[in-house]
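# requesting a structural model of the entry that follows:
(one chain, ligands or ions: 1)
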Amino acid sequence: MKLHISPVTSVVLRSLAEYFVVTATQAISTHGRFTVALSGGSSPKKLYELLASADFKDQLDWQKVYFFFGDERNVPHTSPDSNYLMAKTALFDPLHINPAQVFAVDTSLPPTEAAAHYTTAVNQHFGNEQARFDLILLGLGDNSHTASLFPYTTVLGAKTADVQAVYVEELKADRITLTAPLINQARAIAFLVFGEDKALAVRHILEDPENIENFPAQLVSPTDGELHWFLDAAAASRLTQQ
Ligand SMILES: O=C(O)[C@H](O)[C@@H](O)[C@H](O)[C@H](O)COP(=O)(O)O
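Next comes the predicted model:
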């Protein structure tokens, strides 16, 4: 596990954008394409905008990049709460990404069906090979959830590397999420976390004893891959080992 702690958000974003480009370039040179699962929420929007900006847009052959989502809210793609819409606005449209390279969760379907469809889409994309994302981007909630792996939810016990629907009581809403076994098959995983309000959750995940039900992001541990945490100083402020 590698910690990347920077004083301010803009520096954190730039170092993750650089890591994204290096990881993508390596994947494209070794196996001809880069498959990434994007995170949702508010934190990554600025990262996607930076990747689509003049500083980064010419550093990658975007035609060889395939986009999936680590999780999705059970809302239409036109909803302001849609992770797909956020990424489309911040990244896909500015870069004129071909829609054939984007795999959105079909939220017009009931959650369980949408999850099954997305599992099929993931497996079809990887063909006969194990579904191994080149990079999975993750955020962290102040309640220590990541993707849609929330405390005390049924999906925490998932043993299959697939996509599942989960009802999240605290949100009174359904979510569709990659399971921990599927996340942990990735070649690389990068958390992006900002702010004092996340500092305790960061310490829970990185330093506290195992307590998956309360701290679900502790489930993230790549089987045979890299794990990176990109944090600003505020989010890292309760770590005892930096
Ligand atoms: O769909 C989502 O909401 C995300 O995938 C979720 O896991 C997010 O990463 C955290 O909730 C942090 O969200 P913020 O970045 O908004 O704090």
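# what does the chain put close to the ligand?
39-43, 70-71, 73, 83, 139-141, 145-147 (Cβ under 6 Å from any ligand atom). Quick note: C-beta positions are derived from backbone N, CA and C, even for glycine.
# between the residues you listed, identify the one with the most neighbours.
Counting neighbours by other Cβ atoms under 10 Å, the top entry in the residues of the chain next to the ligand is Ala147, with 32 neighbours.
# make sure it is actually in contact with Arg73.
No: applying Cβ atoms under 8 Å, one finds Ala147 not in contact with Arg73, separated by 11.5 Å.
# what's the longest helix seen in the chain in contact with?
Longest helix of the chain, by residue count under DSSP state H: helix 9-31. Residues from elsewhere that reach helix 9-31, judged by Cβ atoms under 8 Å, 6 or more residues apart in numbering: 4, 6, 33-36, 46-47, 50-51, 55-56, 59-61, 64-65, 134-135, 187-188, 190, 192, 194, 228, 230-232.
# do the same with stretch 50-63
So stretch 50-63 is contacted by 13-14, 17, 20-21, 24-25, 28, 34, 90-91, 94-95, 97-98, 101 (Cβ under 8 Å, 6+ apart).
# repeat that with 10 Å
Here stretch 50-63 makes contact (Cβ atoms under 10 Å, 6 or more residues apart in numbering) with 10, 13-14, 16-18, 20-22, 24-25, 28, 33-34, 44, 47, 49, 65, 89-98, 101.
# can I get it in PDB? Just the C-alpha atoms.
The C-alpha trace of stretch 50-63 is given here as PDB (Å, rounded to 0.1, in the frame of the first residue of the first chain):
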ATOM      1  CA  LEU A  50      -8.500  17.800 -14.800                       C
ATOM      2  CA  LEU A  51      -8.000  14.700 -17.000                       C
ATOM      3  CA  ALA A  52     -10.100  16.300 -19.700                       C
ATOM      4  CA  SER A  53      -8.200  19.600 -19.400                       C
ATOM      5  CA  ALA A  54      -5.400  20.900 -21.600                       C
ATOM      6  CA  ASP A  55      -2.800  19.700 -19.100                       C
ATOM      7  CA  PHE A  56      -3.800  16.000 -19.600                       C
ATOM      8  CA  LYS A  57      -6.100  15.400 -22.500                       C
ATOM      9  CA  ASP A  58      -3.300  14.800 -25.000                       C
ATOM     10  CA  GLN A  59      -1.300  12.500 -22.700                       C
ATOM     11  CA  LEU A  60      -3.400   9.400 -23.500                       C
ATOM     12  CA  ASP A  61      -4.900   7.600 -26.500                       C
ATOM     13  CA  TRP A  62      -8.400   7.900 -25.100                       C
ATOM     14  CA  GLN A  63      -9.700   5.600 -27.900                       C
END
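# nothing else from me, thank you.
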